[in-house]
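Asker: sequence and predicted model, in that order:
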Amino acid sequence: MTESIVSATPGSAQAEGEVRPDDAANKNSGRGRRRVSPPKAADAAAKPRSSKVMSHRTKPAAGGTTRSGKNKGARAGRQDSKKATILDMLHRPKGATLSEIMKTTKWQAHSVRGFISGNLAKKMELTISSARREDGERVYQITK
């Protein structure tokens, strides 16, 4: 395998494939440079590509199952977890305000919003409604 060093600065006096002996011994000589290996045609041809490539962003089947085959709705979690506490708060008829969730979980506002968006809405596929009250407070609620 042959490796060449490509300089990070264009127009340098050193040729692309040339390595000076004093650079090879110097520990800091690799800063600002990256090693580039030529592509191996034999390796690419030897590995057959799978016709079924799944992305991690692929939506699960209509039944709502995960990769492990378990139903997403079956994930109850621990009763004393912050997730369970937030779910209980959001199931209330009036929902829960952002400040209530922040006070209960001791999280910052961006963490609460990220949890609601990523964990509840995307991973658990729950429908979360968000509304602003007359007093300006943001209220979140799980809608059916």
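Answerer: Yep, it's here.
Asker: domains of this protein: list them as residue ranges, please.
Answerer: With domains defined by automatic domain parsing, the chain comprises 15-41, 73-143.
Asker: out of those, which gets the lowest mean score?
Answerer: Mean pLDDT per stretch puts domain 15-41 lowest among these, at a mean of 61.
Asker: what's the helix or strand for Ile128?
Answerer: strand 127-132 (DSSP states H and E).
Asker: residues in contact with that strand?
Answerer: For strand 127-132, contacts defined as Cβ atoms under 8 Å, 6 or more residues apart in numbering pick out 90, 95, 116, 120-121, 138-144. Yep, even glycine has a C-beta here, placed from its N, CA and C like the rest.
Asker: nearest to Thr104 among those?
Answerer: In terms of Cβ to Cβ, no member of the contacts of strand 127-132 lies closer to Thr104 than Leu90, at 11.4 Å.
Asker: surely Gln141 and Leu98 touch.
Answerer: No - counting by Cβ atoms under 8 Å, Leu98 is not a contact partner of Gln141; they are 12.0 Å apart.
Asker: buried sites along stretch 120-130?
Answerer: For stretch 120-130, the neighbour count (16 or more other Cβ atoms under 10 Å) marks 120, 124, 126 as buried.
Asker: can you pull the contacts of Arg92?
Answerer: Gln141.
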